[in-house]
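Trainee: What follows is a predicted protein model with its sequence.
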Amino acid sequence: MSLLERTATRYRGLRCSAIAAELPDLLARAEDNAMSYLAFADLPPLSS
């Protein structure tokens with residue numbers, strides 16, 4: 001199991017399944033923009 005999958009599983013266990021589902025896209029956005037952790041945490045939700 002990859003680190004991403006383990007992290008998503010932890011979010012699901014915390015009843016944060018929406019975050020878990022969007023985690024790959026959120027991480028890709030953060031990496032593409034090389035933003036700080038604070039800026040990443042403050043991102044608006046992705047539209048479905």
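Mentor: Good, I have the coordinates.
Trainee: switch to C-alpha atoms for all contacts and neighbour counts from now on
Mentor: Fine.
Trainee: give me the element Ala8 is part of.
Mentor: Ala8 belongs to helix 3-13 when assigned by DSSP states H and E.
Trainee: counting contacts, what elements does that helix pack onto?
Mentor: helix 17-33 (3 or more Cα pairs under 8 Å, 6 or more residues apart in numbering; DSSP states H and E).
Trainee: Neighbours of Leu4, how many?
Mentor: 13 (other Cα atoms under 10 Å).
Trainee: Oops, could you answer that again for Ala8 instead?
Mentor: If you count neighbours by other Cα under 10 Å, Ala8 ends up with 21.
Trainee: got the contact list for it?
Mentor: Contacts were defined as Cα atoms under 8 Å, 6 or more residues apart in numbering; by that measure Ala8 touches 17, 19-21, 23.
Trainee: Just the buried subset of the residues you listed, please.
Mentor: Those of the contacts of Ala8 that meet the buried threshold are 20, 23, by 16 or more other Cα atoms under 10 Å.
Trainee: Count the residues that sit near Arg15.
Mentor: Count around Arg15 with other Cα under 10 Å applied: 11.
Trainee: Could you check how far it is from Arg6?
Mentor: 14 Å (Cα to Cα, to the nearest Å).
Trainee: which regions of this protein lie under the pLDDT threshold?
Mentor: Along the chain, the model assigns pLDDT under 70 to residues 47-48.
Trainee: switch the cut-off to 80
Mentor: Counting by pLDDT under 80, the chain shows low-confidence ranges at 30-41, 43, 45-48.
Trainee: Can I get the contacts of Ala8 in CSV including distance to Leu43?
Mentor: Compiled in CSV, the contacts of Ala8 are given as follows (distance: Cα to Cα, whole Å):
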residue, distance to Leu43
Ser17, 17
Ile19, 12
Ala20, 15
Ala21, 15
Leu23, 12
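Trainee: ok, so of the contacts of Ala8, who is nearest Pro45?
Mentor: Ile19 (9.1 Å; Cα to Cα).
Trainee: need the contact list for the closest one.
Mentor: Contacts for Ile19 (Cα under 8 Å, 6+ apart) come out as 8, 11.
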